[in-house]
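A.B. asks: fold the following for me, if possible:
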Amino acid sequence: MVQVEKWKKMRGRVKVFVKPVLIVFVIILLGMSAILRANFSYVDDLARTVEGYKGWGNFSRYLSNALAVVLFGNGALTDISPWPQIVAAFIMAVAGVSLLYIIYGRKKFRWWELFVVVILALNPYFLECLSYKFDAPFIATAVLMMIVPFLARGKKTEIYMLAVFGGTLATCMTYQAALGILPMVTIALVVRMWNQGEKWGKIWRFGLKQLVGILRRCCFSR
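C.D. replies: Sure, this is the predicted structure:
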């Protein structure tokens, strides 16, 4: 009975976010529809389509290799577009809504907030990422992995630091370019805490934990 109650509570917490995630997901799909219709293949896409290789391990992106086996259903890759790009759009929708929850600390969002967070995916830089038929879902996963650790910032310091380390490790093994999200979200949260009148001691403690996490990230990424 205890496990059933825990499952119901967890399902209730997740259910609240289903609608905003779906709204953001649909908007992202509409925004990238021209890319899907164009059906354009980059050089990397063409090579992987012909030879079926993964190759991300050459850049220490071992998690991308592992996820590719799950997503493509085989050790040898096959062009199943636009499925990977649609998966990437959904992951970015989850990342965007998670970021809203982290910044605002509430489960209900205004329409304009959902439209604003769509920029996370529908910007010139990431639209190019979504154009890759094979890489797109793993780039999106890297973005999500740098946002998820902030969900544990209210937990004990040890748990939070473990989440930061785990998220950093996952990002380093998918697409390292997303590592810059950690300091940027930290700055946003510090500014919001200051704007809400939080005590300086609490702000400094949070900033210190983030600084340790960033320094660990820098040492680890080297």
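A.B. asks: now the most centrally placed residue in the chain. Nearest residue, chain neighbours left out?
C.D. replies: Compute the mean C-alpha point of the chain, and by CA atoms, centre = their mean the closest residue is Leu144, 1.2 Å away. Once flanking residues are discounted, Leu144 sits nearest to Ala95: 4.3 Å by CB to CB, 6 or more residues apart in numbering. (C-beta placed from N, C-alpha, C; glycine too.)
A.B. asks: where's the one you found, which helix or strand?
C.D. replies: Assigned by DSSP states H and E, Ala95 falls within helix 83-104.
A.B. asks: next SSE downstream of that helix?
C.D. replies: helix 111-117.
A.B. asks: remind me what that following helix packs against, helices and strands.
C.D. replies: Counting contacts by 3 or more CB pairs under 8 Å, 6 or more residues apart in numbering; DSSP states H and E, helix 111-117 packs against helix 2-31, helix 83-104.
A.B. asks: which pLDDT does the model give Arg216?
C.D. replies: Model confidence at Arg216, expressed as pLDDT, equals 58.
A.B. asks: isn't Leu67 right up against Ala136?
C.D. replies: No: using CB atoms under 8 Å as the test, Leu67 is too far from Ala136 to be in contact (11.7 Å).
A.B. asks: tell me which of those two has more neighbours.
C.D. replies: Set Leu67 next to Ala136 and count neighbours by other CB atoms under 10 Å: Ala136 wins out with 26 against 19.
A.B. asks: not counting its neighbours along the chain, what's nearest the more buried one?
C.D. replies: Counting by CB to CB, 6+ apart, the residue nearest Ala136 is Ala88, at 3.8 Å.
A.B. asks: so that neighbour sits against Pro137, correct?
C.D. replies: Yes: taking contacts as CB under 8 Å, Ala88 lies within contact range of Pro137: 4.4 Å.
A.B. asks: returning to that earlier point: so who does the residue nearest to Ala136 touch?
C.D. replies: 129-130, 136-137, 139-140 (CB atoms under 8 Å, 6 or more residues apart in numbering).
A.B. asks: and Val69, how far from Met173?
C.D. replies: As judged by CB to CB, to the nearest Å, Val69 and Met173 stand 14 Å apart.
A.B. asks: who's more crowded, those two?
C.D. replies: Neighbour totals were compared for Val69 and Met173, and Met173 leads with 23 against 13 (other CB under 10 Å).
A.B. asks: so who does that one touch?
C.D. replies: 60-64.
A.B. asks: what of Asn39?
C.D. replies: So Asn39 contacts 81-82 (CB under 8 Å, 6+ apart).
A.B. asks: return the per-residue confidence for it.
C.D. replies: For Asn39, pLDDT reads 89.
A.B. asks: check Phe220 too.
C.D. replies: 49.
A.B. asks: repeat for Lys199
C.D. replies: At Lys199, pLDDT is 82.
A.B. asks: swap in Thr78?
C.D. replies: pLDDT recorded at Thr78 is 87.
A.B. asks: so which helix or strand of the protein has the lowest pLDDT on average?
C.D. replies: Among the helical and strand segments of the chain, the one scoring lowest on mean pLDDT, DSSP states H and E is helix 200-221, with a mean of 67.
A.B. asks: which stretches of the chain have low pLDDT?
C.D. replies: 1-12, 211-222 (pLDDT under 70).
A.B. asks: in contact with the closest residue to Val87 other than its chain neighbours, which residues?
C.D. replies: Distances taken as CB to CB, 6+ apart place Pro137 nearest to Val87, at 4.6 Å, with adjacent residues excluded. Counting by CB under 8 Å, 6+ apart, Pro137 makes contact with 67, 71, 84-85, 87-88, 91.
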